[in-house]
Structures are given as structure tokens and as C-alpha cells.
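S.K.: Just need the structure, nothing else, for what follows:
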Amino acid sequence: MHDGAAKTWIGCSLAMGLVLMSLCGCGSSGRPNPLQGNFLDVQVSSIVFKNKTLIEKDQNYDQALSNLEQAVKQYPQSAALWYWLGIARFHKAMYDQAIVAFDQAFARKLYSTYHLSAYQFLGWSHFRQRQYPKAIQAHSMALKLDPRCVTSLDGRAWSYAECNMEDAALKDFETGLEIDPRHESLLRGKAWILHRRKEHAQAVDLFTQALAVIPSQMSVSLADAYEGRAAAHYDQGHFEDARNDLTAAIDQAPVENRACLVPLVVGKALCSIGLGDRQTASQLLDGVQNCKDVVGQYGYLLGLAAYAMGDREKAWSLMGGRGMLGFDGSDYDREGVKGVSVQSVTAGGPAAQAGLSAGDVIVKLNGQSVVATREFVPLVRKMEPGTEAKLTVLRAGSEKEIPVQVASAEPVLENDRFLLPLVTSGALKPAGTSSIIVMDAPQPGPELNVAGAGTLPAYLMSPSPSLQLDSVVVAPKTVAAGETFDVIVNFIVKDPDAGQKEVTITMNYAVSQDGRVIRQFEPKSFPVPNNEYSTITRNPRAAKAKGEYKMDVELEYRNQKATGSVDFTIE
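M.R.: Numbering: from 1, shown residues only. This next block holds a predicted model:
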């Protein structure tokens, strides 16, 4: 080869190398180069170009993964190889290892042109690993580079939603939809947020829009959209529509044994109960019993179904007990601290009475460390109502021990989101009702200002006898002015001296507004069974005057008193 030809060949090779380096994300033009020597750059660029084609064009992720795993061993300082290895690992659902690869790429001065896509893949990898704060951080970095990046708006929104940051999630979903109104994931995400906020009709519309644009091969997205629309229908009491959508969701699910899609099958069973078709409900529930470890994974959900079918003992057995503290929590994992973060506290419940508040982080239960809700909840359920749970919480950077009296979940179980539509529709009668006393609506005269709903358990227990008022509930949740509705008081009387005989309790109640009593009712006495849960149901008529009110209830038995109250609105 002549010298001129050699120089031409080298020049072309170097030029091609620079082009390939740009394609693969290597540094150039004043940036630190991860490899020493242009020939090494050309070799790495050739590897990257080949595997880029395997990933993006051929979708041969197995071959690309194998090639790139070998390549990073040979050229461990190449940012480009780590970047494409991260993408290959992502496509193989190796999300934890994809995170490692992208971190390695950034550490080796990945070419800035590829930062946007790297942050997107990194964000979704963290999301798949349920590392939602880190996913938010990665997607936020991408959005700093491109505020109109729909992929990261979508990813950050879903991550916000998983962190219960609904306002932030909704903002990102809506921003993304302004850019791409037919983006199926954004439509589904916004629909789920609206469903959480009980804007069910709008949620149904958005899920329907999503179903219209989801390609037929995207079975997971289709299943999610059908499930979401079913949930929105179900919460409105549209049980037939909900059951049809759950059937479609089950058909779309990419699994061999669809009978083991327990949440969807149990959902169909609950819809069947709502439709009065208990035979179908029983068959559906029997079908999931043969699934592997079904009770271990879905004991609470199956317990709710058993409860709706009327088998209370089986329900509590499946749920692992009836203990309850009265707050909603989520996993907490920040700065080396793991525990259960208190999201909200039920007004008047045991946790509220003990002084627990939103923002507290529970790190121990009775001296035992708890690192997640999946550990904490079963421990509470196993505790007997009336016993004391000692919670160690982090508040304002300091540990504090808060004793909380464990309550029974039974009287408030109907307010669970899976059972409430059945209670509201009348398909499921109030629980713990060995005695149900119904009073007719009062004749025209002074009107009772009551509407709305609430569940405010309060426990004032004594060794003997004891009176426990578990909840005051109004159904349906919203009552039109001037219409009748049910006011339900759940309680239990325990008197060892009375044996199995009936006992007589006295009920006092009043309606107030802004601390001022609007109407005081005469005390009423009712015979109820001893040592069994009982319910008194009143059927008053709401006033025509709209506004915010409170009903205060006091039960009395042999100098023992128990109280509860409900905030409500007449619309």
C-alpha cells in the first residue's frame, strides 16, 4: 500500500470513528475521552454501532446483551458501552442491573447528547424497582433538559402517584396530554387519579379514550384500562358494566392461568353480589382457592369477599385477625430510615385519640422493628381489640413512644373501598347486626339536619361491664335535602353479670353546627343482646337547609358511656 493510500485509509477511519463516536455517546471536542487512542475509539464505536442496530432495529435484546456484557469487560471505561448495556438490560427487565449500567455511564462522562434518553431509561428502571423518589429525580433531570419530554412527564407522574402526591401527578399527566392528547399511558394515569378522587364519571370517559387508542398487542395496558374503568363503574354501583370490564381485563391478562388473577376474579365476584347473583360469586371465589399461595398474597381481599358473602368467621380468618388502629400508611424509606409513614388518621379513631398524626413515621411496634406496611399490617391484625399497641414513631427528627388501644375493624369494614358500593346499594347489610332496630321516618315537624357519611369509632372500655361504640355511619353517603336516609350506630355491650340475656341501652343524640346544638332529641332505650355486636338504625329526614353539621351520639349502660360523632353535609 502506498503512503498516500495509507493516509487516505487512516483519514477515512478516523472520520468514521468520529461519526460512530457521536452515534454511541462517546465524549469528543474538548471532552475527556474514556478511551486512549483513536483506534480504540473506532473499535468501541464499531461494537456500539452493531449492538445499537440489534436493539433498535432487530429488537434482538438477547444477542445485544451478550455482546455488550463481554464488551464492558474488555473496555470497562467506555461510557457508550455502559449506556447501551443499560438499554439492553432494561429491555430484558433487568432493571436493577440497568440502573448500575446507567450510573456507570454517567460516571464515565457520557456524551451530553445522550443524557436525556439515559435519564428516561434510568427513571423508568427505578420505577420498575419501586424506587419512586429516585424515579422522580431521574425524570426531573430529563425534564430540565427538555420540559416537553412526554416520556418523562409520564414517568414522573406515575411515580408521583405511587408516592400519593396526587396534585403533582395530575399536573404532569395534564401537561403531557396537552402535548400528546392521545397518549394512552397519560390518559390511563389521569383516569386513575380522578378515580381516586371519586370523579368516577370523568374517569370512565378517560379510560374509554385510552381503550380507543391502545394497540391490540399492548395487552398489559388494555388490561389496566379495563380494570380501571371497571373500578370506576363499580364505585358508582354500575355492577353489570364493571363485571363486563373485569371479564375483558381477565381476557387481556398475559398469563396462562387466568383463574389465578385473584384481584380481578374477586372483583367479578363482588360485582355478582351487587347484582344479586351469589351463585356466580361463589363459583368465582371457589375457583381461586386452588391457586398457589393465594391466601398468603390475597388474604385480605379474599376476606372481604367472604365478608360480603356473609361468612364473618372465615373473613377474619383469611384476613389474619380483626385488629385495627385507624390510620392509612405507606412505606417509608429515606436516608437509611425504613418504616411506615402515616398518611392520614381516622377522626375519632384509636390512633387519633392517642395523638398519632399525619407525617409520623412508625419504626417499631411493641419494640419490634417494622420496615414496611406489608409487615406492619399483619402484626396489627393479629392483636386483640382492647389490647395496647406501643408505637415508636419518628416525629420532627426525634423518637417518641405512643401507646394506642387496638380497635376491632369489624364495625367499620363496610367503609372499605371494595365493600362500600355494596353497602350503599343495599346489596350488603351493615355488619355485626345480631340486632337491627329500625325507626320509621318522623312525621312532618321539626326536621333533622343529617346527611353525609362517617366512621368515627371511639373506645371507652371498662373491665366489667363495658360498652363500646364502634361507629356512626350515614348511608347513602350523600342525601338530597328533604329526603330520608339511614343513620347507623354500631356497638357492643359486654356484661358478665347478665349472662346471655338481653340488656337495655340508652341512646342520646343531638345535631350541632359550629359548636351550637341545633336539635336535641329525647333519649331512647333499646333492648339488645349481651356480648354481641348490635346496630341501631334510625331513618330520619334531612332538612331542606343546606350546610355543614355534626351529629353527636352517646350510648349509656349502667353508668358506662361511649360517644361518637359524624361531620356531614346536606346538599
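S.K.: What distance do you get for the residue nearest to G339 when sequence neighbours are not counted to Y61?
M.R.: Leaving aside its sequence neighbours, G339 sits nearest to V363 (C-beta to C-beta, 6 or more residues apart in numbering; 4.1 Å). (Glycine included, C-beta is placed from N, CA and C.) According to C-beta to C-beta, to the nearest Å, V363 stands 41 Å off from Y61.
S.K.: Let's see the pLDDT reported for L40.
M.R.: Note for L40: predicted pLDDT of 58.
S.K.: next one: the one 10 residues further on
M.R.: Among the per-residue scores, K50 holds a pLDDT of 94.
S.K.: how many other residues sit next to the nearest residue to it once chain neighbours are set aside?
M.R.: Spatial nearest neighbour of K50, chain neighbours left out: N67 (7.2 Å); criterion: C-beta to C-beta, 6+ apart. Counted by other C-beta atoms under 10 Å, the residues lying close to N67 total 19.
S.K.: quick one: secondary structure of N67?
M.R.: N67 falls in the helix class when you classify it by DSSP: H, G, I helix; E, B strand; the rest coil.
S.K.: And for the one 3 residues further on?
M.R.: When the structure is reduced to helix, strand and coil (three-state DSSP), Q70 reads as helix.
S.K.: For D567, which non-adjacent residue is spatially closest?
M.R.: K550 (5.3 Å).
S.K.: so where does the one you found fall, helix or strand?
M.R.: In this assignment (DSSP states H and E), K550 forms part of strand 547-557.
S.K.: after that strand, next one along is what?
M.R.: Sequence order places strand 560-570 as the next helix or strand after strand 547-557, per DSSP H and E.
S.K.: Okay, buried residues for that next one please.
M.R.: Neighbour-count burial for strand 560-570 flags Q560, A562, T563, G564, S565, V566, F568, I570 (criterion: 16 or more other C-beta atoms under 10 Å).
S.K.: Tell me which other helices or strands it touches.
M.R.: strand 466-475, strand 547-557 (3 or more C-beta pairs under 8 Å, 6 or more residues apart in numbering; DSSP states H and E).
S.K.: how far out from the middle of the chain is that strand?
M.R.: 28 Å (C-alpha atoms, centre = their mean, to the nearest Å).
S.K.: and if you look at stretch 510-522?
M.R.: That offset, for stretch 510-522, works out to 37 Å (C-alpha atoms, centre = their mean).
S.K.: Can you measure across it, start residue to end residue?
M.R.: For stretch 510-522, the first-to-last residue distance is 9 Å (C-alpha to C-alpha, to the nearest Å).
S.K.: In three-state terms, label the residue lying closest to E174 once chain neighbours are set aside for me.
M.R.: Closest residue in space to E174, ignoring its immediate chain neighbours: K190 at 6.6 Å, by C-beta to C-beta, 6+ apart. At K190 the chain is in helix, as set by three-state DSSP.
S.K.: ok, K190 to Y234 distance?
M.R.: Relative to Y234, and taking C-beta to C-beta, K190 is found at 19 Å.
S.K.: hang on, the earlier thing: the strand holding K550 pairs with which strands, parallel or anti?
M.R.: strand 502-513 (antiparallel), strand 560-570 (antiparallel) (DSSP bridges).
S.K.: Can you mark which positions in that strand are buried?
M.R.: Neighbour-count burial for strand 547-557 flags Y549, K550, M551, D552, V553, E554, L555, E556, Y557 (criterion: 16+ other C-beta under 10 Å).
S.K.: Okay, now the unreliable bits of the stretch 201-350 of the chain?
M.R.: Residue ranges of the stretch 201-350 of the chain with pLDDT under 70: 255-260.
S.K.: can you list the domain ranges for the protein.
M.R.: 1-110, 182-254, 260-319, 323-408, 425-570 (automatic domain parsing).
S.K.: With respect to burial, which of these scores highest?
M.R.: Of the domains of the chain, the one with the most neighbours on average (mean count of other C-beta atoms under 10 Å) is domain 182-254, at a mean of 20.
S.K.: quick revisit: in this structure the residue nearest to E174 contacts F173, no?
M.R.: Yes - K190 is within contact range of F173, at 4.1 Å (criterion: C-beta atoms under 8 Å).
S.K.: re the thing from before, which one among the buried residues of strand 560-570 gets closest to Q97?
M.R.: Set against Q97, the nearest of the buried residues of strand 560-570 by C-beta to C-beta is V566 (52.5 Å).
S.K.: Now do the helices in the stretch 151-300 of the chain.
M.R.: 166-179, 184-196, 200-213, 219-235, 239-252, 262-274, 278-288, 294-308 (DSSP state H, counting those that start in this stretch).
S.K.: Using PDB, list the CA coordinates for the fourth one.
M.R.: Included here for helix 219-235 are C-alpha records, laid out as PDB according to Å, rounded to 0.1, in the frame of the first residue of the first chain:
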ATOM      1  CA  SER A 219     -52.300  -6.400  26.500                       C
ATOM      2  CA  VAL A 220     -51.000  -5.100  29.800                       C
ATOM      3  CA  SER A 221     -52.200  -1.600  29.000                       C
ATOM      4  CA  LEU A 222     -55.500  -2.900  27.800                       C
ATOM      5  CA  ALA A 223     -56.000  -5.000  31.000                       C
ATOM      6  CA  ASP A 224     -55.100  -1.900  33.100                       C
ATOM      7  CA  ALA A 225     -57.600   0.300  31.300                       C
ATOM      8  CA  TYR A 226     -60.400  -2.200  31.500                       C
ATOM      9  CA  GLU A 227     -59.700  -2.800  35.200                       C
ATOM     10  CA  GLY A 228     -59.600   1.000  35.900                       C
ATOM     11  CA  ARG A 229     -62.900   1.500  34.100                       C
ATOM     12  CA  ALA A 230     -64.400  -1.400  36.000                       C
ATOM     13  CA  ALA A 231     -63.400   0.200  39.300                       C
ATOM     14  CA  ALA A 232     -65.000   3.500  38.300                       C
ATOM     15  CA  HIS A 233     -68.200   1.700  37.300                       C
ATOM     16  CA  TYR A 234     -68.200  -0.400  40.500                       C
ATOM     17  CA  ASP A 235     -67.800   2.600  42.800                       C
END
